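Peer 1: any chance you can model this:
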Amino acid sequence: MNGAAPGRASASALTTQIGNLNVTARNGPVCYTPPVNSPSRAAAAAAGSPGQAPGAAPAAVPQADGLGGVLGGVAAVGNAQYVAAMPPPPPQQQQPGSGISAIFRNATSTLLEVGEPRVCSLPLAGAASMGAPAVVVRHDGFVRRDRLWRGAGLALPVFAARTRHSVGVGEFLDLIPLVDFASASGMRMVQVLPVNDTCVYNMWWDSYPYSTLSVHALHPQYLALRATVDDIEGASMPPDISAEIENARVQLDGPDVDYEGTMATKKRLCRKIFDAVGHKTLQTQAYKDWFAASEHWVVPYAAFSFLRDLFGTAEHWRWGVMAKPSQQLLQDLTSPDKEWHSSILCCYWVQYQLHRQLRQVSEYAASKRVVLKGDLPIGVDKRSVDTWMEPHLFRMDKSTGSPPDFFDPNGQNWGFPTYNWEAMAEDDYLWWRRRLGHLSQYFHAYRIDHILGFCRIWEIPGDCATGMLGYFRPSIPITAKDLEVRGMSGPGVLERLTEPYVTKALLKKLFGPELALEVSARYFIEGEGPGGYRFRPEYYSEKVLWELKERPGSPDWLVEEIAKTRKGLLTLRQNLILVRDPEDPQRLYPRFGLMGTSSYKELPDAGWRSALSQLHDDYFYKWVTGWFRLVQNRFGGGGWGGVVALSMQCNG
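Peer 2: Prediction:
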């Protein structure tokens with residue numbers, strides 16, 4: 001059931017809205033009405049009479065012909081007032097031994113259990129057919145289930161759900177026949193990939209759904225153009241635009257998705273529809289209500305999109321004086337007296353239409369008793385509205401990723417900044433609460449991508465291109481004292497363990513005798529460093545080495561040589577044992593798989609090798625209790641608990 005309030009409840013009963021069902025409880029477990037003549041019913045009837053004081057045992061009036069309602073000791077729901085008698089449900093719909101048969105909807109109808117005991121299908125809040133909101137009272141912050149829900153479903157990206165009406169990709173309204181299919185085949189869930197706007201580069205790279213430009217804005221590619229004027233009374237799509245939409249549908253209906261072609265077509269047609277008739281939507285009350293609720297994110301989103309197109313890049317740190325937004329800047333950019341204001345309004349309109357269509361799908365799925373499940377990416381792109389507006393919430397000089405594994409021996413560097421949880425805690429995680437609440441408008445549940453990242457993330461320094469030289473955050477570091485008690489102390493020890501170990505023999509092994517001379521002269525300072533060679537400062541960064549490329553038109557032998565050079569230099573840059581924390585050089589972390597490096601293998605002291613191997617295994621495999629305690633201290637109470645509870649509420 002949806003509706004659990006964030007955080008932990010107090011001892012007294014709580015109230016919240018979850019639909020139009022009146023489910024009631026006293027200061028204890030949720031109090032449903034038991035079947036007539038059941039032991040629990042008789043006990044309730046003997047406990048007292050209507051009108052008892054709050055906190056007292058609830059009263060029930062036995063009825064020979066039906067079910068009696070029981071209200072708990074809460075003023076909002078009547079202070080233990082008896083509701084009504086209900087006709088019993090058909091025998092085939094009763095759950096033997098369950099203790100309940102139905103829940104009151106109003107004075108004349110009930111909502112019967114479905115499936116396991118104490119489970120019913122609740123209409124969504126905000127549905128057109130609802131009526132008065134319900135009041136639900138329970139004893140704590142969560143609704144519990146005796147058993148885990150089990151059911152079949154299907155998962156796919158929205159862009160893959162193409163129908164004969166789609167223009168280029170599957171669109172939100174194409175999910176409606178998918179819901180019908182799920183319902184008809186007995187499935188109870190449809191799960192989709194993330195649907196947020198990802199238009200960072202304005203090219204096919206943006207087809208990756210986990211790199212969000214905005215955690216609120218929906219992706220324009222999912223807009224069903226044919227239905228963008230349905231909200232305007234008496235309006236219809238101009239015939240010439242309808243013809244263009246149909247022509248685009250035919251042209252883009254290929255075996256593969258033409259992402260760039262689809263986006264260019266939809267952007268052009270959206271503006272044409274808006275100018276012709278769509279602008280009338282802005283005068284409707286529904287649009288005005290949506291804009292009032294969405295203004296805090298849609299205005300920055302529209303301004304960012306305008307500046308991205310103006311500067312030709314979403315790298316907002318390159319926008320000069322506009323790199324640091326303010327409310328005054330947003331007002332100036334979106335002011336009605338600007339010549340580009342119609343473009344700003346069109347951006348608002350597109351987002352409203354996307355919102356309207358996805359809400360339609362969500363409500364339709366609920367009417368079919370099919371769960372629409374979304375997907376929440378763990379990170380946001382560095383080139384995003386969120387990092388532009390609130391950079392203090394992100395560690396912009398760091399990246400998220402994953403340590404090396406079977407799939408990628410160098411690890412993964414996703415490029416998303418890590419979160420500044422300390423800054424987020426200052427306003428009780430408002431950014432997260434808004435993000436989760438926004439998603440709950442559309443999805444009855446959602447998957448949280450890489451959920452472990454909320455507790456412990458693989459953080460990578462900003463000058464790295466791979467995930468090899470990362471470390472867990474939060475985690476317990478290695479200190480100089482830890483090394484000292486294991487016999488590793490004295491001059492040069494830290495440099496030997498933390499700097500790339502490069503020797504003449506290793507250079508010859510990686511590059512061959514001839515190329516080694518050229519590489520050593522160009523990229524290293526000879527006579528320095530723990531192995532006799534130190535990277536020149538301009539080549540110390542993994543990113544710089546990763547980006548070494550041949551000139552266009554280079555002969556094959558040169559292309560091969562540069563690729564060999566790049567690979568060898570990255571191997572040498574990663575040939576160290578301990579990684580220094582960029583923010584505190586005294587905090588050290590074991591380089592993943594350090595036992596496989598030549599730096600480790602050529603340590604002269606077997607005792608050092610044994611100790612470092614043990615530290616490596618402890619850090620990656622045994623220090624779970626330590627970092628979990630750090631997580632508890634940081635997020636165990638207060639606002640973070642509220643974020644977790646809100647996530648559970650939005651998921652139902």
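
Peer 1: where does the chain have low pLDDT?
Peer 2: By pLDDT under 70, the weakly predicted segments of the chain are 1-147, 623-652.

Peer 1: if we use 90, what do you get?
Peer 2: Within the chain, the stretches with pLDDT under 90 are 1-151, 378, 406-407, 446, 450-456, 529, 549-551, 621-652.

Peer 1: ok, the residue positioned nearest the centre of it - contacts?
Peer 2: The chain has residue 376 as the residue nearest its centroid, 2.4 Å off, counting by Cα atoms, centre = their mean. Shown in contact with residue 376 (Cβ atoms under 8 Å, 6 or more residues apart in numbering): 194, 435, 436, 439, 446, 447, 448, 449. Bear in mind the C-beta positions are built from the backbone N, C-alpha and C, glycine included.

Peer 1: where does residue 459 sit, in terms of helix or strand?
Peer 2: strand 457-461 (DSSP states H and E).

Peer 1: would you mark the buried spots in the very next helix or strand once past that strand?
Peer 2: Going down the chain from strand 457-461, the next helix or strand is strand 471-473, by DSSP H and E. Buried residues in strand 471-473, counted by 16 or more other Cβ atoms under 10 Å: 471, 472, 473.

Peer 1: check which helices and strands strand 471-473 is in contact with.
Peer 2: Judged by 3 or more Cβ pairs under 8 Å, 6 or more residues apart in numbering; DSSP states H and E, strand 471-473 is in contact with strand 457-461.

Peer 1: parallel or antiparallel, which strands does the strand it packs on pair with?
Peer 2: Strand 457-461 has the following sheet partners, assigned by DSSP bridges: strand 398-402 (antiparallel), strand 471-473 (antiparallel).

Peer 1: what is the burial count for the closest residue to residue 396 other than its chain neighbours?
Peer 2: Leaving out its chain neighbours, the residue that sits closest to residue 396 by Cβ to Cβ, 6 or more residues apart in numbering is residue 417, at 5.0 Å. Neighbour count for residue 417, taken as other Cβ atoms under 10 Å: 24.

Peer 1: how near is residue 417 to residue 378?
Peer 2: Distance, residue 417 to residue 378, using Cβ to Cβ, to the nearest Å: 11 Å.

Peer 1: shared neighbours of the two, anything?
Peer 2: residue 400.

Peer 1: mind listing what's buried in stretch 536-555?
Peer 2: Using 16+ other Cβ under 10 Å as the test for burial, stretch 536-555 gives 541, 542, 544, 545, 546.

Peer 1: and which of these is nearest residue 240?
Peer 2: Using Cβ to Cβ, residue 546 comes nearest to residue 240 of the buried residues of stretch 536-555, at 50.0 Å.

Peer 1: show me the contacts for the closest residue to residue 438 other than its chain neighbours.
Peer 2: Nearest residue to residue 438, sequence neighbours excluded (Cβ to Cβ, 6+ apart): residue 216, at 5.3 Å. For residue 216, the contacting residues are 196, 294, 297, 298, 301, 434, 435, 438, by Cβ under 8 Å, 6+ apart.

Peer 1: tell me which of the residues you listed fall in helices.
Peer 2: Judged by DSSP state H, the contacts of residue 216 include 294, 297, 298, 301, 434, 435, 438 as members of helices.

Peer 1: show me where the stretch 251-400 of the chain has strands.
Peer 2: Remark: strands assigned in the stretch 251-400 of the chain by DSSP state E, counting those that start in this stretch are 371-376, 394-395, 398-402.
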